[in-house]
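Visitor: quick check, what structure comes out for this input:
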Amino acid sequence: MASIKPLEILIPAAVIIFVLFLFLWPFEIIGNSMQPAVYGGDYVFISRAASFCGFMNNSDIIVFRYGSEDVVKRLIALPGDHIQIKSGNVFVNGIKLRETYLPDAYTEGEIDTVLKKDEYFLLGDNRSLSHDSRQIGPVKKGMIKGKVLLRFLPVNDFKIF
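Guide: Numbering: from 1, shown residues only. The predicted model follows:
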């Protein structure tokens, strides 16, 4: 019987952990600001590589660090975009967003700003309960931890985003 060397186990394990860290990192949703897309207590996988490489698009669900908490919101506008909120509607570069993921598309507040090269504008889907870019301002790229790829728990609500 051949003996197994420690490096024969450690190297593949390190590669697997690295891949999981970049592409499928588990995260528990806290709070209700993203209902009905995800609920508090749901577990999702996030891709850290998506944020490192800039593979994020409008309407993606994003995890970012705010203060001492990890927060989940929807990406509404990218660096360089002109974001406006007026009369309950959201406009990006002068085009009214069709937010089909919202049960009620009304958005409180008045915003008119152009995002800098490292800023993102994020809103919760449950707008009346959400503390988001309307209050905290744009989110810097360095604060973004990853993009939500899929919900894996509860199993009966499995969903790819």
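Visitor: got the residue ranges for the helices in the protein?
Guide: 6-23, 48-53, 133-136 (DSSP state H).
Visitor: which non-adjacent residue is nearest the residue positioned nearest the centre of the chain?
Guide: What sits nearest the mean C-alpha location of the chain, by C-alpha atoms, centre = their mean, is Ile62, with 0.6 Å. Spatial nearest neighbour of Ile62, excluding adjacent residues (C-beta to C-beta, 6 or more residues apart in numbering): Leu75 at 5.1 Å. All C-beta spots, glycine's among them, are computed from the backbone N, C-alpha and C.
Visitor: is the one you found in contact with Phe64, as I believe?
Guide: No: in this structure, Leu75 is not within contact of Phe64 by C-beta atoms under 8 Å, at 9.7 Å.
Visitor: quickly list what's touching both of the two.
Guide: Residues touching both Leu75 and Phe64 comprise Leu122, with contact defined as C-beta atoms under 8 Å, 6 or more residues apart in numbering.
Visitor: Ser104 and Asn126 touch, don't they?
Guide: Careful, residue 104 is Asp and not Ser. No: using C-beta under 8 Å, Asp104 is not in contact with Asn126; the gap is 9.2 Å.
Visitor: okay, those two: which has more neighbours?
Guide: Asn126 (18 against 11; other C-beta atoms under 10 Å).
Visitor: which residue is the nearest non-sequential neighbour of Gly142?
Guide: Closest to Gly142 by C-beta to C-beta, 6+ apart is Asp118, at 7.4 Å.
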